[in-house]
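> Sharing a model prediction with you, sequence too.
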Amino acid sequence: MRNRILAVAAIAATITVPAVAAQAQTVGVVRGGPPVAVESDEGITVEQRPAFREYIVRERVPNYTIPDRVVVGTVLPDAGVTYYDVPQRFGATPYRYTVVNGETVLVEPRSRRIVQVVE
């Protein structure tokens, strides 16, 4: 009986964990590409965006221009773009930010892939 209860508990936990993890993600779709998931607690939240944009303007972050549209999933060139740490007051994040074509973006530093366009 004890093994049966443990088995039921394990199955219930297995079913519940993916549902909870899915709630913590924001999904963006790249035109013609696969969906890209960004953890909500690792990006800039909707509430933080106005303050983050003001911070970018105050810091006078230079704008980098690329010929492509700025969308989630775009990989930025390996030369010529400067990436900056996100200030701690906007939350801990593994991503860096930069400004591309006038849009502030969060970028995964190793792949240089845009993971969030901060609108």
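Arrived safely, thanks for sending.

> And for stretch 94-103, what's in contact with it?
By C-beta atoms under 8 Å, 6 or more residues apart in numbering, the residues outside stretch 94-103 that reach it are 42-43, 56, 61-66, 69-70, 76, 81-86, 104-109, 114-119. To be clear about C-beta, it is placed using only N, CA and C from the backbone, and glycine gets the same treatment.

> Poorly predicted segments of this protein, please.
1-41 (pLDDT under 70).

> Helices of that one, start to end?
2-23, 49-59 (DSSP state H).

> buried ones in the last one?
I take that to be helix 49-59. The neighbour-count check on helix 49-59 (16 or more other C-beta atoms under 10 Å) flags 52, 55-56 as buried.

> Tell me, how many residues neighbour I44?
By the measure other C-beta atoms under 10 Å, the count of residues near I44 is 24.

> same check, this time on G43
G43: 21 surrounding residues under other C-beta under 10 Å.

> contacting residues for it?
Contacts of G43 (C-beta under 8 Å, 6+ apart): 26, 93, 95, 106, 115-116.

> Now distance to E47 and neighbour count too, for these, in a markdown table please.
Below are the contacts of G43 laid out as a markdown table (distance: C-beta to C-beta, whole Å; neighbours: other C-beta atoms under 10 Å):
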| residue | distance to E47 | neighbour count |
| --- | --- | --- |
| T26 | 14 | 16 |
| T93 | 15 | 20 |
| Y95 | 18 | 21 |
| L106 | 16 | 24 |
| V115 | 19 | 22 |
| Q116 | 14 | 22 |
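
> Quick one: those as TSV, columns for distance to Q48 too.
Shown next, in TSV, are those (distance: C-beta to C-beta, whole Å):
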residue	distance to Q48
T26	13
T93	11
Y95	13
L106	12
V115	15
Q116	11
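
> how near is the closest residue to G80 other than its chain neighbours to G102?
Using C-beta to C-beta, 6 or more residues apart in numbering and skipping the chain neighbours, the partner closest in space to G80 is Y64 (6.6 Å). From Y64 across to G102, the span is 10 Å (C-beta to C-beta, to the nearest Å).
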